[in-house]
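>>> Return atomic coordinates for the entry below.
(2 chains)
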Amino acid sequence: MINAVGRNIPDELLQDGREVYQGKYYMDGKCFKKAGPQVRRCEKPTENKLCTTIREACEKCGAHDGMTVSFHHALRNGDYVTSMVMEVLIEEMGLKDLTVATTSLGSAQDLLADYIEQGKIIGIQSSGVRGRIGEAISAGKLRTPAIIRSHGGRPRAIEMGELHIDIAFTAASTSDYCGNAKGTGGKNNCGAMGYAVADSHYADHVVVVTDTLADYPNIPAPIDCIDVDCVVVVDEIGDPSKIGTKEARMTEDPRDLMMAENCAKVIAATPYFKDGFSFQTGVGGPSLAVNRFLESYMVERNIKMGFALGGMSGNICALQDKGLVGKLLDTQDFDMVTIQHLADHPDKHFEISTSEYASAANKGAYVNHLDFVVLAALEIDTKFNVNVLTGSDGVLRGAPGGHPDTAEGSKVCIIVTPLVRGRMATVCKDVVTVTTPGDTVDVLVTDYGIAVNPLRQDLIECLNKADIPHVSIESLQEKAYSLVGTPDDLEWENKVIAVLEARDGTILDVIRKIKPLVLE
Amino acid sequence: MIPRPIPERFRLRRTMMFMNAQKPGLIKDAYIYGVDSIILDLEDAVAENQKDAARFSLYHALKSIDYGDTEVIVRINGLDTPHWEEDIRCAVAGGADGIRIAKCESAQDVKTVEEHTLAAEREFGVTEGRTLLMAALESPKGILHAYEIGEASPRMFGVAISGGDFRKSMHVQMIPGGIEINTARSLMLLAARAAGIQCFDTMYPHLNDKEGFEAEVRQNHAMGFDGKSLINPRQIRYVHETFAPTPKEITNAEKIVRAYKEHAKSGVGVFTVDGKMVDIPFAEDAKRVITLARACGVYHGDL
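Numbering: from 1, shown residues only, chains lettered A, B, ... in the order given. Here you go, the predicted model:
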C-alpha cells in the first residue's frame, strides 16, 4: 500500500491493525490505555539490590531465550555496558533468539554485529543503526526486520505496549544500592539520562549498571529506585574520552559558518523570533554554529530565549550563563562542559525524559512548543522529504533521532546541509528513505542558496520582506546534479530488512535489502 | 565549456580573494561566498615543482566551473621566473577575466605582459583585448612607478600593494596602524586616482585577529581604497559592510542628485541642499555613491 509520502509498504507488514503513514497529526486526539510492567513487590525493610555480577542480576531477573532487553545510548561511543551485558547473556548464559531494543547504536556496540551474524540476536529496535551493525542488518542477517523509531517514537511504542521490555539494563554514572541512578557525580559521567527513563518505568525488570556506588539516597535522580530490581557495580561503564568530547568545538569552516549565518538570518526574519522563543539545534558543524550568529541577533534586539531543547553542548550552556536563555531542557549531553553544567545548575538546567521531550502519544511533549529547530540531513528531496538514516548506497548508517519529532512539533524547521558531499547530491529528486516527511520541513539552507517549502507562504513573505534571497528547491537539486551528475537508482531485493516507523507508530518507510554491486 | 560574460574594466571590486589554483576543493565553488573577485593563484601558493599541475587544474576550472558574475583573475608568476609566459597562455586559453601581474615594477612590465596576452588571445581565438590586467606592486620601485604602471595599458583596471614583499624590501615588520606602509599606500592611491584606475590594499595575514583585520579594513576605506585582497571567505562580510555607503550617505546623495537634476533643467549650476553649497563635482560624487550603493545591494531606489 502506498502511504502519504508515496512509499510502497508491503501488505504483510500491515497486520494487527498496523497502518501506513497517513500524514501529520493523524493520531491527534485519539485515546489509548498505557501498558504496565510486571512489578516484584519489595515489602521487607532494607532490601539490598546489589548483585556481584551481571550474570547474577540477569538470573534474578529471569533472563531467558527469546526475551527483549533494552539499553540507552547516553554513553554514546564510549559505552561498555551494552557489549558487556550481551556477552554475559550470550556467551556465559548461552541465551539465544534475543531482541535488543536500544535508543541508538554506534561503533561501541560493534560486538552485537557478531551476535547478529551468529543468529543469537534476531531482532533490533533502535533509532540509530551504524557501523558493522548497520551492515549486518542491511545484509539481511536478522530473522525479523529491524524496527527504527525516532526518539519520541520509542517511548510512545513502550507506553503503548508495542515494545515490551523484559529486562532494561541501565548504565549509570552513579547509583546507590537501591537503584537511584544518574549521569553525574561518578568517574564516567554522561550527564542527562532522559533516554533511559521510559525503560525504567515500563520494563518488567530494571538492572542498573554503574561503576560508582553513591551514598543512599542518590537523589535527585532520573532513574528512581522504586523501578529498579538490581544494581551491579562494574569496574568501568565506559571510556570517558568517547562519552563526550571535552568541549564541542565551534566550526571554523567558512562554508559551515556561511550556512549557519544564513540560518540565523532566516530565524531572525520570522515573527516567532521574539522574547521567550524556543530553540533546538543539532551538534553538527553548521547547526551548532547557528548559536553564535543567533546570539548577536538576540543581543541586538534585546530578545531572550525561553528554553532550549534536546541534546546540549557547551555553547548553549554559555549562552544561558550570559543570561540569554531561560531554561535548558536536556535529553543528552555532548561534551564535558555540559555534563558539569547540568550538575552545577539544577535551578535552570533540567534533564527530561524522551517521552516528555518528543512523544506523539502523551498529553503534550515539549517539541509541540518548539519555535525553531535547525537540523542536518543526509539527503533532502524536492518534496522536502528528509533522509537521515540510509546512505547513498542504501545501507543503514544513521538515525532519525529527534528529527521527525522536532520537525513536526516546531513552528519552523530548518534543514542545513551542503548542496553536495563529495560526489553525492544532498538535494535530490527522491530520498532513499523518508525519515522526516516533507510537509513538516519548512526551510532548506545550503551553501548554494535557501529554499522555502511552498506550503509555507508565510515564511516566503518573511524572507522577501527581510531581503533574504531564496530559490526553488528544484533549482538547487538541478544545480547539485549539474555539479556531480545524476545518480543511478539503487537496486533493491524484495526482502525488507528494516521498518521505519513514523513518530505516531504508522509505517513511514521500509528499507529493503540492497542488491550487491557487481562491477562489470 | 562555460561562457563567461565580457569582463568589465571598472566594476565593483571590494573583495579579491586569493585561492590556490591547485586546490580543487577550494576553487570548485569559491563563488558561493559572494566575493567580488577570485584570484586563482599560480604564484606563491604553488610549490616550484607543482606549477604545471596548478596550470592544468586552473585551466580545467576555468573551462568547467560556472563562476557566474564573480570575476576570475589569475595571478601569474613574476617576470623574473621561467613560468609567466606559460601562465599567461593558460589563463587566456581558459578565458580568465584578467591577469594579476606579480612584482610589477615598471610600465614596461605591463607592456610585456600585454604583448603576450594579446598573442595568447590570437593563439586561442579569444576576443582581442578581452583579458584585463592589474598590477601587484611589491617593491619601493613599483610604488614609485605606480602612475606610469597604471597608464601603461587600456587593459589596466587597478593596482594593489602586496604588503609581505613590500615590508621585506623596506626592512620593516607589520605594525598596527600601518605606520611602516602607509606612505606607500598613499602614494599608490594618489597614482591610481591620477591614472584613473582602481586601487586595492594588501591582504591581512592574521586570520584569527578579527579586531586587527577590522581596524585595517576601516582604515583602507577611510584612505580611499576600492577594495582589499583577502585570504579567507570569513573576511568577506566585514569588508562589504564597511565599504557599503551608509543609509545617511545614501539619503544625502539621493537629495543631491535629485536637486541637481531639477536645477540642471533650469540652467542652475550651483545651489544648496540642506544649507550646504552643492556644485557639479558634488553631484558627480553623489552619483558615484548611488551607483556603489546599488552595486552593494543597499540601494533599491529609482535613480
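
>>> Find the helix or strand that A:Ser475 is a member of.
helix A:473-484 (DSSP states H and E).

>>> list the helices and strands that helix packs on?
strand A:420-421, strand A:424-425, strand A:427-428, strand A:443-446, strand A:449-452 (3 or more CB pairs under 8 Å, 6 or more residues apart in numbering or on different chains; DSSP states H and E). Heads up, the C-betas are built off the backbone N, CA and C, glycines and all.

>>> Please name the residues that touch the residue in the stretch 201-350 of chain A that chain B sits nearest to.
When scored by CB to the nearest CB, the stretch 201-350 of chain A has A:Pro254 as its residue closest to chain B, at 3.7 Å. A:Pro254 makes contacts with B:33, B:232-234, as judged by CB atoms under 8 Å, 6 or more residues apart in numbering or on different chains.

>>> Can you select the buried ones among those residues for me in ChimeraX?
Burial among the contacts of A:Pro254 is assessed by 16 or more other CB atoms under 10 Å in any protein chain shown; the matching ChimeraX selection reads:
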select /B:33,233,234
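
>>> now, which of the contacts of A:Pro254 sits nearest chain A?
The nearest member of the contacts of A:Pro254 to chain A, counting by CB to the nearest CB, is B:Pro233 at 3.7 Å.

>>> Downstream of the longest helix belonging to chain A, the next helix or strand is which one?
Assignment by DSSP state H gives helix A:285-301 as the longest helix of chain A. Using DSSP H and E, the helix or strand that follows helix A:285-301 towards the C-terminus is strand A:305-312.

>>> Show me what secondary structure element comes after that following strand.
Toward the C-terminus, strand A:305-312 is succeeded by helix A:314-321 as the next helix or strand (DSSP H and E).

>>> Tell me how far the very next helix or strand once past that following helix lies from the chain's centre.
The C-terminal neighbour of helix A:314-321 among helices and strands, as given by DSSP H and E, is strand A:325-333. The chain centre lies 15 Å from the centre of strand A:325-333; the measure is CA atoms, centre = their mean, to the nearest Å.

>>> Pull out the buried positions in strand A:325-333.
For strand A:325-333, using 16+ other CB under 10 Å, the buried residues are A:325, A:327-333.

>>> How about the residues of the stretch 101-250 of chain B by chain A?
B:232-234, B:237 (CB under 8 Å from any CB of the partner chain).

>>> The chain - how does it break down into domains?
Unless you meant another one, I'm taking chain A. Under the assignment automatic domain parsing, the domains of chain A span A:47-243, A:254-489.

>>> sorry, should have said chain B
B:15-243, B:247-295.

>>> count of residues packed around A:Gly449?
For A:Gly449, the count of nearby residues is 19 (other CB atoms under 10 Å in any protein chain shown).

>>> Below-threshold pLDDT in chain B: ranges please.
B:1 (pLDDT under 70).

>>> any chance you could map the helices in chain B?
Using DSSP H, helices in chain B cover B:24-27, B:51-64, B:84-94, B:107-124, B:140-144, B:146-151, B:163-170, B:182-195, B:210-223, B:236-243, B:247-265, B:280-295.

>>> Tell me which residue of the stretch 301-450 of chain A lies closest to chain B.
Per CB to the nearest CB, A:Asp447 is where the stretch 301-450 of chain A lies closest to chain B, at 5.2 Å.

>>> residues near that residue, how many?
Residues within reach of A:Asp447, counting by other CB under 10 Å, total 20.

>>> Look at it and report its pLDDT.
Note for A:Asp447: predicted pLDDT of 96.

>>> one step back: go through the buried residues of strand A:325-333 and say which is closest to B:Ile197.
Nearest to B:Ile197 among the buried residues of strand A:325-333 is A:Val325, at 51.7 Å by CB to CB.

>>> who touches the closest one in this structure?
Contacts for A:Val325 (CB under 8 Å, 6+ apart) come out as A:304-305, A:307-308, A:316, A:319.

>>> From A:Tyr357, how far out is the closest residue to it other than its chain neighbours?
In space, not counting the residues next to it along the chain, A:Val325 is nearest to A:Met305; the distance is 4.4 Å by CB to CB, 6 or more residues apart in numbering or on different chains. To A:Tyr357, A:Met305 is 17 Å away according to CB to CB, to the nearest Å.

>>> out of those two, which sits in the more crowded spot?
The neighbour count for A:Met305 versus A:Tyr357, taken as other CB under 10 Å, is higher for A:Tyr357 (29 against 25).

>>> Export the helices of chain B to JSON lines and append columns for mean neighbour count.
Shown next, in JSON lines, are the helices of chain B (neighbours: other CB atoms under 10 Å in any protein chain shown):
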{"stretch": "helix B:24-27", "mean neighbour count": "16"}
{"stretch": "helix B:51-64", "mean neighbour count": "18"}
{"stretch": "helix B:84-94", "mean neighbour count": "22"}
{"stretch": "helix B:107-124", "mean neighbour count": "18"}
{"stretch": "helix B:140-144", "mean neighbour count": "19"}
{"stretch": "helix B:146-151", "mean neighbour count": "22"}
{"stretch": "helix B:163-170", "mean neighbour count": "17"}
{"stretch": "helix B:182-195", "mean neighbour count": "18"}
{"stretch": "helix B:210-223", "mean neighbour count": "16"}
{"stretch": "helix B:236-243", "mean neighbour count": "18"}
{"stretch": "helix B:247-265", "mean neighbour count": "16"}
{"stretch": "helix B:280-295", "mean neighbour count": "16"}
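
>>> could those be laid out in CSV, adding distance to A:Gly131?
Listed next are those as CSV, based on distance: least, CB to CB, whole Å:
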stretch, distance to A:Gly131
helix B:24-27, 27
helix B:51-64, 36
helix B:84-94, 44
helix B:107-124, 52
helix B:140-144, 58
helix B:146-151, 61
helix B:163-170, 47
helix B:182-195, 57
helix B:210-223, 40
helix B:236-243, 39
helix B:247-265, 55
helix B:280-295, 51
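
>>> Quick check: bridge partners of A:Gly398?
Using DSSP bridges, the bridge partners assigned to A:Gly398 are A:Val129.

>>> Now for it: which residues touch it?
Contacts of A:Gly398 (CB under 8 Å, 6+ apart): A:128-130, A:378, A:387-391, A:435.

>>> What of B:Cys90?
B:Cys90 makes contact with B:42, B:55, B:58-59, B:74 under the criterion CB under 8 Å, 6+ apart.

>>> cool, and B:Ala119?
B:Ala119 neighbours (CB under 8 Å, 6+ apart): none.

>>> gap between it and B:Val298?
B:Ala119 is 42 Å from B:Val298, by CB to CB.

>>> Turn the contacts of B:Cys90 into TSV, columns for distance to B:Tyr147.
Listed next are those as TSV, based on distance: CB to CB, whole Å:
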residue	distance to B:Tyr147
B:Leu42	27
B:Arg55	32
B:Leu58	31
B:Tyr59	34
B:Val74	25
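
>>> could the residues you listed be laid out in a markdown table, adding distance to chain A?
Shown next, in a markdown table, are these (distance: CB to the nearest CB, whole Å):
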| residue | distance to chain A |
| --- | --- |
| B:Leu42 | 22 |
| B:Arg55 | 23 |
| B:Leu58 | 19 |
| B:Tyr59 | 19 |
| B:Val74 | 22 |
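
>>> Let me know the closest of those residues to B:Arg14.
Distances from B:Arg14 to those, taken by CB to CB, are shortest for B:Val74, at 19.7 Å.

>>> so what's A:Met298 closest to, chain neighbours aside?
A:Leu324 (5.5 Å).

>>> surely the one you found meets A:Lys304?
Yes - counting by CB atoms under 8 Å, A:Leu324 touches A:Lys304, with 5.5 Å between them.
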